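Student: Build the 3D model from these lines:
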Amino acid sequence: MEEFPRDRDWEMVVFDIDGTLMDFEGFDPKMIPLIRRLEELGVLVSLASGRTLPNITPIMQSLALSGFIVAENGGIVWDSLEGHEIKVLADGSRAREAAKWLATKIEGFDEKGIESNRWRETEWCLGPHENYEEMCKLLIDSKWSDLLVVKTGFAIHIISSSIDKSVGLKLALQQRGIDPQNVIACGDGPNDIPMFDTVGWSVSIDNRFQEVVDASDYNTKNNGKKGTIEFIEKLITILE
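Tutor: Coordinates of the predicted model:
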């Protein structure tokens with residue numbers, strides 16, 4: 001892992017949510033003032049997640065962030081503070097159809113997936129217990145071979161091959177006029193790798209997926225929320 005750069009003019013940090021900012025127990029109380037301190041130091045904070053827009057918006061508002069939202073793994077972009085309309089970048093109907101088809105091929109497969117699918121527009125999300133390898137194998141040889149199966153550690157997403165977090169992030173940054181090289185991305189899952197490849201510096205805060213660690217520029221010593229706190233504290237020290 002490279003040492004954290006101290007000579008860069010960072011404009012924004014983009015955080016993944018689940019496993020990065022929060023887990024099933026919610027936020028770490030220590031994290032919230034640290035995030036607000038980043039914004040006080042002139043670094044905008046944005047969110048990029050596999051969650052739906054209605055799931056992310058309250059988090060964005062509760063943290064009083066000045067950045068934007070990239071939802072559904074890059075399928076939806078919303079920058080309300082800059083007055084931009086919601087951008088929907090894919091059609092999730094084929095992903096839903098693929099899930100129905102998989103239910104006819106895999107015993108016990110729950111095509112309904114997770115509850116937030118009722119708001120999902122560009123992809124379809126299944127529980128983390130589903131057979132990821134079998135899903136990939138079946139879709140490759142089907143009429144839905146253009147779709148990808150992406151695991152995050154919290155769920156398994158069926159998504160268009162033309163969409164990932166980098167697609168939504170590039171659009172959102174372009175709307176803001178921010179150079180991706182002046183952005184840091186922080187995450188923990190395989191779905192964060194395209195985002196890592198887009199920005200100037202990337203931080204992985206978990207070692208569950210070796211491919212994520214390998215794709216990042218910096219890996220924290222601590223995992224999960226503690227790793228995120230470790231990263232933010234280090235960045236604040238550099239900025240101050």
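
Student: who touches Ala98 in this structure?
Tutor: Applying CB atoms under 8 Å, 6 or more residues apart in numbering to Ala98 gives the contacts Trp124, Leu139, Ser142, Trp144, Leu147, Ile158. Placement of C-beta: from N, CA and C, glycine included.

Student: what's the following helix or strand after the helix or strand where the first one lies?
Tutor: Following DSSP states H and E, the helix or strand that holds Trp124 is strand 123-126. Scanning forward in sequence from strand 123-126, with DSSP H and E defining helices and strands, the next element found is helix 132-140.

Student: Tell me which other helices or strands the helix or strand that that following helix is followed by touches.
Tutor: Using DSSP H and E, the helix or strand that follows helix 132-140 in sequence is strand 147-151. The contact analysis (3 or more CB pairs under 8 Å, 6 or more residues apart in numbering; DSSP states H and E) places strand 147-151 against helix 93-103, helix 132-140, strand 156-160.

Student: Now do the first one: distance to the chain's middle.
Tutor: With CA atoms, centre = their mean, to the nearest Å as the basis, helix 93-103 stands 23 Å off its chain's centre.

Student: Check the last one too.
Tutor: Taking CA atoms, centre = their mean, one finds the center of strand 156-160 at 13 Å from the center of the full chain.

Student: How about stretch 30-47?
Tutor: 18 Å.

Student: same check, this time on stretch 62-80
Tutor: 10 Å.

Student: just stretch 118-131 next, same as before
Tutor: Its chain's C-alpha centre and that of stretch 118-131 lie 14 Å apart, by CA atoms, centre = their mean.

Student: Stretch 110-117 now?
Tutor: Relative to the centre of its chain, stretch 110-117 is centred 19 Å away, using CA atoms, centre = their mean.

Student: end-to-end on that stretch?
Tutor: Start-to-end span of stretch 110-117 (CA to CA, to the nearest Å) is 12 Å.

Student: Enumerate the positions of that stretch that are buried.
Tutor: Glu111, Gly113, Ile114, Asn117 (16 or more other CB atoms under 10 Å).

Student: check contacts around the residue lying closest to the first one once chain neighbours are set aside.
Tutor: Spatial nearest neighbour of Glu111, excluding adjacent residues (CB to CB, 6 or more residues apart in numbering): Ala103 at 4.0 Å. Shown here is Ala103, whose contacts under the criterion CB under 8 Å, 6+ apart are Phe109, Asp110, Glu111.

Student: What is the nearest of those residues to Pro29?
Tutor: Asp110 (34.8 Å; CB to CB).

Student: Test for you: state the pLDDT assigned to the closest one.
Tutor: Looking at Asp110, its pLDDT stands at 95.

Student: go on, Glu2?
Tutor: According to the prediction, Glu2 has pLDDT 64.

Student: can you tell me which residues contact the residue most central in space within the chain?
Tutor: Central residue of the chain (CA atoms, centre = their mean): Ser49, 3.1 Å from the mean position. Shown in contact with Ser49 (CB under 8 Å, 6+ apart): Asp16, Ile17, Asp18, Asn55, Ile56, Val70, Ala71, Asn73.

Student: Scan the protein for its longest helix.
Tutor: When the chain is scanned for its longest helix (criterion: DSSP state H), the result is helix 224-239.

Student: any idea of the mean pLDDT for it?
Tutor: Helix 224-239 comes out with an average pLDDT of 95.

Student: can you check stretch 80-92 too?
Tutor: 94.

Student: again, but for stretch 178-198
Tutor: Throughout stretch 178-198, pLDDT has a mean value of 96.

Student: Show me what counts as buried in that stretch.
Tutor: Neighbour count says stretch 178-198 has 178, 180, 182-196, 198 buried, by 16+ other CB under 10 Å.

Student: Many thanks, have a good one.
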